[in-house]
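K.L.:
coords please:
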Amino acid sequence: QVQLVESGGGLVQAGGSLRLSCAASGRTFSIYGMGWFRQAPGKEREFVAATSWIAGIIYYADSVKGRFTISRDNAKNTVYLQMNSLKPEDTAVYYCGAAGRVGVRWRENYDYWGQGTQVTVSS
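P.N.:
Numbering: from 1, shown residues only. Purely as a prediction, here's the structure:
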């Protein structure tokens, strides 16, 4: 089992920044990659950003490219999401996930999820 604990959500004005963190514990050796997804009310959970754990290959959704940055600290088993130039449409619950296989852009490859952290961007 892998446990994921997220932190860093909150309320921010449009144009502001937030940094999310996700710390993994447990069977972390089984993690191929980690990523962030988000779910707005009435919508499906969508991909935001992800990174493979060893090679550090990074992927972003087009909607956040150039504004969000995903990074990782392998020693701390932690992945971060720096979110800049936030927009009201970024408002959602953000979930950190751990994938056990190739394909970190695809939700079906994630075996573990954090509890979610709310990000609210006011206009």
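
K.L.:
what does the model give the spatially most distant residue from the centre of the chain for pLDDT?
P.N.:
Using CA atoms, centre = their mean, the residue of the chain lying farthest from its centre is Ser123. It sits 22.7 Å away. Note for Ser123: predicted pLDDT of 93.

K.L.:
Can you pull the phi and psi angles for the nearest residue to it once chain neighbours are set aside?
P.N.:
Excluding the flanking residues, the one nearest Ser123 by CB to CB, 6 or more residues apart in numbering is Pro88, at 4.7 Å. The C-beta positions use only the backbone N, C-alpha and C, and glycine is treated the same way. Here is the backbone geometry of Pro88 (degrees, to the nearest 10): phi -60, psi -30.

K.L.:
what's the neighbour count on Pro88?
P.N.:
11 (other CB atoms under 10 Å).

K.L.:
ok, now Gly116?
P.N.:
Using other CB under 10 Å: Gly116 sits among 17 other residues.

K.L.:
count of neighbours near the nearest residue to Gly97 once chain neighbours are set aside?
P.N.:
Nearest residue to Gly97 in three dimensions, chain neighbours excluded: Tyr110, at 3.9 Å (CB to CB, 6+ apart). If you count neighbours by other CB under 10 Å, Tyr110 ends up with 23.

K.L.:
ok so Ala75 is a helix residue?
P.N.:
Yes: per DSSP: H, G, I helix; E, B strand; the rest coil, Ala75 lies within a helix segment.

K.L.:
picking that back up, return the distance of the residue farthest from the centre of the chain relative to Thr28.
P.N.:
39 Å (CB to CB, to the nearest Å).

K.L.:
give the contact list for the residue nearest to Ser123.
P.N.:
14, 121-123 (CB atoms under 8 Å, 6 or more residues apart in numbering).

K.L.:
and the residue nearest to Gln1 when sequence neighbours are not counted, how many residues sit next to it?
P.N.:
Nearest non-adjacent residue to Gln1, counting by CB to CB, 6+ apart: Gly26, 5.0 Å away. Look at Gly26: counted by other CB under 10 Å, it has 14 neighbours.
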